[in-house]
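Participant: 3D, please:
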Amino acid sequence: MTDLSHAVFLSYASQDAQAAQKICEALRAAGIEVWFDQSELRGGDAWDTSIRKQIKTCALFIPVISRSTHDRDEGYFRLEWKLAVDRCHLMAADKAFLLPVVIDGIRDDDERVPERFREVQWTGLPGGVTSAAFVERVRRLLSGKPSQEPSRSTPAAAYGTGAPAARKSVLPWWRSKAALLATIAVVVLALGYLVANRLELSKRGAEVRPAPAAQGASANVFAPPPHSVAVLPFVNLSGDKDQEYFSDGLTEELLNSLSGISELKVAGRTSSFYFKGKDVDLGAVAHKLNVGAVLEGSVRRSAHTVRITAQLINAVTGFHLWSKTYDRGLGDVLKLQTEIATAVAEALKVTLLGDTSAKIELGGTRNPAAFDAYLRGAKVFVSRHEVEDLLAAIAAYTEAIRLDPHYVLALASRSIALSYGAAQAATPAAAREGFDKAQADARQAVALAPDLAQAHLALATVLELGTLDFTRASEAYERALALAPGNAQVLRISGLFAVYMGHIDVGLAAARRAVVLDPLARDSHSLLGRALYAARRYEEAVVAFSEGISLHPGDKAFYTYRGLAYYGVGDLQSARASCETNRDYLGNRWCLAVTYDKLGRHADAEAELSKLKASMGDVMAYQYAAVYAQRGDSPTALEWLETALRLRDPGLENLKIDPLMDPLRKEARFQAVMRELNFPS
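Facilitator: Predicted coordinates:
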């Protein structure tokens with residue numbers, strides 16, 4: 001949290017509470033203190049006194065402006081606005097205090113908004129969806145850094161004709177010309193520098209270009225967070241396509257090394273690898289991932305040595321920050337990761353605290369063959385589609401562990417792969433065997449490297465899915481988060497788990513943070529959508545799943561989850577259409593078994609359920625219980641729920657908050673299952 005007490009005051013009309021909640025969660029996820037009365041106070045004199053005190057002492061006042069605030073003749077928010085304006089009269093003219101946001105198409109010349117609000121820049125946050133740029137802007141204002149913001153602006157143009165075109169700042173002609181000449185001189189010098197320092201890199205274009213400004217906007221619109229970086233897949237120059245796993249794996253390990261440096265904000269792996277093989281300039285990459293710097297390079301591997309060429313580019317200016325070529329033996333790759341990560345951090349002016357090299361190299365290996373096997377396993381695991389891919393990844397991790405029994409990253413990775421495989425096992429016996437092996441690997445990993453986040457993530461995964469020990473799983477997730485607070489994988493998995501345990505605000509904040517760090521990742525949108533669905537925010541869940549489908553249209557699970565979200569909204573036809581997209585997929589059969597019944601197509605619903613039972617047996621006991629619960633057949637639903645408990649079905653992690661199970665919650669047998677599972681409070 002910031003060191004200011006309630007640094008930001010969020011003022012809103014009651015009709016806009018949901019949008020305000022999103023803004024609050026985004027700011028709190030970034031460690032910014034927010035006064036949000038809905039969650040902290042209830043009415044009365046004490047409430048009124050506390051509100052006045054907060055407005056008098058807060059560092060920033062954010063009024064949420066909308067059609068609702070325009071339409072309301074009266075409301076407590078109007079008193080809050082008056083108190084904030086009154087405080088402005090005591091401040092210096094250049095003091096940043098008011099930061100209005102607009103959540104719909106209301107114009108910034110709305111006569112029902114205080115004149116003082118109309119004198120400062122407005123930010124468009126449609127429906128309360130909060131951008132990383134806005135969060136960073138708030139952070140800068142709280143830090144006291146100059147914002148260089150215009151005195152007036154308008155809501156985002158995304159609202160269409162409801163908002164007028166943005167005003168442009170016009171310089172006198174002689175100042176414009178001088179600025180242009182200076183810019184040309186800088187560009188000429190930069191081009192000379194770039195030509196002299198050209199590296200042998202990918203087909204991303206003949207030159208490095210700064211991030212393009214949005215059409216009609218000034219060049220300083222792109223303002224990524226400080227110390228933010230994306231690591232693009234290093235190009236394989238080994239002359240052998242089959243060696244690509246090595247360059248990809250080395251890139252991923254370097255990315256993980258950088259994300260372990262607390263002051264750095266590192267774009268997630270999936271988002272960075274999205275641009276692999278695409279002819280796109282670095283400026284566009286930086287804009288897409290909202291980062292200020294891009295690291296790229298190449299890898300040339302021979303029998304016993306490796307040459308790595310790397311360069312770090314300032315994405316705003318297009319200038320090189322740092323570049324170097326390394327020639328090393330394969331056994332020195334682990335140490336090389338440390339050198340590159342440290343050089344990048346120093347180039348970004350990040351202060352390194354403590355023994356950074358020990359943290360980066362934790363859990364690694366100096367055995368070249370073990371490292372090679374681990375990278376092969378990681379390549380298969382990340383791109384997996386079928387159970388066979390999991391088996392191949394497990395085999396490669398096993399080879400790495402055989403070559404180096406103390407290779408903790410390989411142990412943790414094999415544990416997670418085993419847990420995922422066990423959760424999809426065809427029989428309860430196979431599932432139990434897989435979970436037992438996964439737990440053994442995870443516990444060994446934690447024993448060997450207690451400060452490695454991946455080890456605790458592996459343990460949390462198997463405790464959650466394999467043993468249903470939710471209390472200890474929660475402790476393991478918390479430890480993983482403490483060790484790697486900027487790791488997108490840890491954030492999204494632990495975030496969904498937190499929502500399942502009933503900690504909705506905390507879980508959603510973590511899941512949203514994962515989307516910011518890894519915005520193009522399938523799992524970022526999938527797990528955020530599932531968290532929103534479990535929190536019964538169905539419309540937002542539909543948006544998250546639809547975004548995932550637009551990025552990964554071949555992922556069948558997205559259609560299942562979107563169908564269930566539509567079902568939650570009550571839009572049964574959209575639910576049916578979504579789940580019929582890939583109707584042979586098990587998840588979609590389950591969704592249709594629920595949806596068809598609600599549509600009155602009882603025979604079709606029963607046919608889908610029968611196909612599931614014929615192919616999966618008791619493995620989907622939890623899902624069968626949900627189907628019967630929605631049909632109103634509580635006795636049969638409870639029988640399947642008790643079967644799921646006996647089999648330790650991983651689906652039971654949903655039970656505390658699952659909307660589909662609501663018809664059973666008052667049943668004594670349901671409450672007995674809840675007591676047996678012993679969910680943490």
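Participant: I figured residue 55 was touching residue 9, is that so?
Facilitator: Yes - when contacts are counted by Cβ atoms under 8 Å, residue 55 is listed as touching residue 9 (5.7 Å). Every residue, glycine included, has its C-beta placed from N, CA and C.
Participant: Need the residues touching each of the two.
Facilitator: Contact criterion Cβ atoms under 8 Å, 6 or more residues apart in numbering; residues shared by residue 55 and residue 9: 61, 80, 84.
Participant: so can I have a markdown table of those residues showing neighbour count and distance to residue 402?
Facilitator: Formatted as a markdown table, the shared contacts of residue 55 and residue 9 follow (neighbours: other Cβ atoms under 10 Å; distance: Cβ to Cβ, whole Å):
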| residue | neighbour count | distance to residue 402 |
| --- | --- | --- |
| 61 | 24 | 61 |
| 80 | 21 | 65 |
| 84 | 23 | 65 |
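Participant: And the residue nearest the centre of the chain?
Facilitator: Centrality entry for the chain: nearest residue to the mean C-alpha point is residue 514, 1.6 Å, by Cα atoms, centre = their mean.
Participant: all strands for the stretch 1-150 of the chain, in order.
Facilitator: Using DSSP state E, counting those that start in this stretch, the strands found in the stretch 1-150 of the chain span residues 8-11, 34-35, 60-65, 101-102, 123-124.
Participant: in its sheet, what does the first one sit against?
Facilitator: The strands that strand 8-11 pairs with in its sheet are strand 34-35 (parallel), strand 60-65 (parallel) (by DSSP bridges).
Participant: Going by distance to residue 479, which of the shared contacts of residue 55 and residue 9 wins?
Facilitator: If you rank the shared contacts of residue 55 and residue 9 by distance to residue 479 using Cβ to Cβ, residue 61 comes first, at 37.4 Å.
Participant: I'd like the distance between that closest one and residue 27.
Facilitator: Residue 61 sits 13 Å away from residue 27, going by Cβ to Cβ, to the nearest Å.
Participant: between those two, what contacts are shared?
Facilitator: Common neighbours of residue 61 and residue 27 (Cβ under 8 Å, 6+ apart) are residue 8.
Participant: Against which helices or strands is the helix or strand harbouring the residue nearest to the centre of the chain packed?
Facilitator: Element membership for residue 514 (DSSP states H and E) is helix 504-517. Applying 3 or more Cβ pairs under 8 Å, 6 or more residues apart in numbering; DSSP states H and E, we find helix 504-517 packed against helix 17-29, helix 488-500, helix 522-534.
Participant: those helices in the stretch 201-350 of the chain, which residues are they?
Facilitator: 244-259, 269-273, 282-289, 333-347 (DSSP state H, counting those that start in this stretch).
Participant: my read: residue 619 touches residue 429, true?
Facilitator: No - using Cβ under 8 Å, residue 619 is not in contact with residue 429, being 10.8 Å away.
Participant: tell me what the helix or strand where residue 595 lies is packed against?
Facilitator: For residue 595, the host element (DSSP H and E) is helix 586-598. Here helix 586-598 touches helix 556-569, helix 572-579, helix 602-616, helix 621-631, going by 3+ Cβ pairs under 8 Å, 6+ apart.
Participant: Using CSV, list the CA coordinates for the third one.
Facilitator: These are the backbone C-alpha positions of helix 602-616, laid out as CSV (Å, rounded to 0.1, in the frame of the first residue of the first chain):
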residue,chain,number,x,y,z
HIS,A,602,-35.7,-32.4,-21.6
ALA,A,603,-35.0,-35.3,-24.0
ASP,A,604,-32.0,-33.4,-25.5
ALA,A,605,-30.7,-32.6,-22.1
GLU,A,606,-30.9,-36.2,-21.0
ALA,A,607,-29.2,-37.3,-24.2
GLU,A,608,-26.2,-35.0,-23.5
LEU,A,609,-26.0,-36.2,-19.9
SER,A,610,-26.2,-39.9,-20.9
LYS,A,611,-23.3,-39.4,-23.3
LEU,A,612,-21.2,-37.8,-20.6
LYS,A,613,-21.9,-40.7,-18.2
ALA,A,614,-21.1,-43.3,-20.9
SER,A,615,-17.7,-41.8,-21.7
MET,A,616,-16.6,-40.5,-18.3
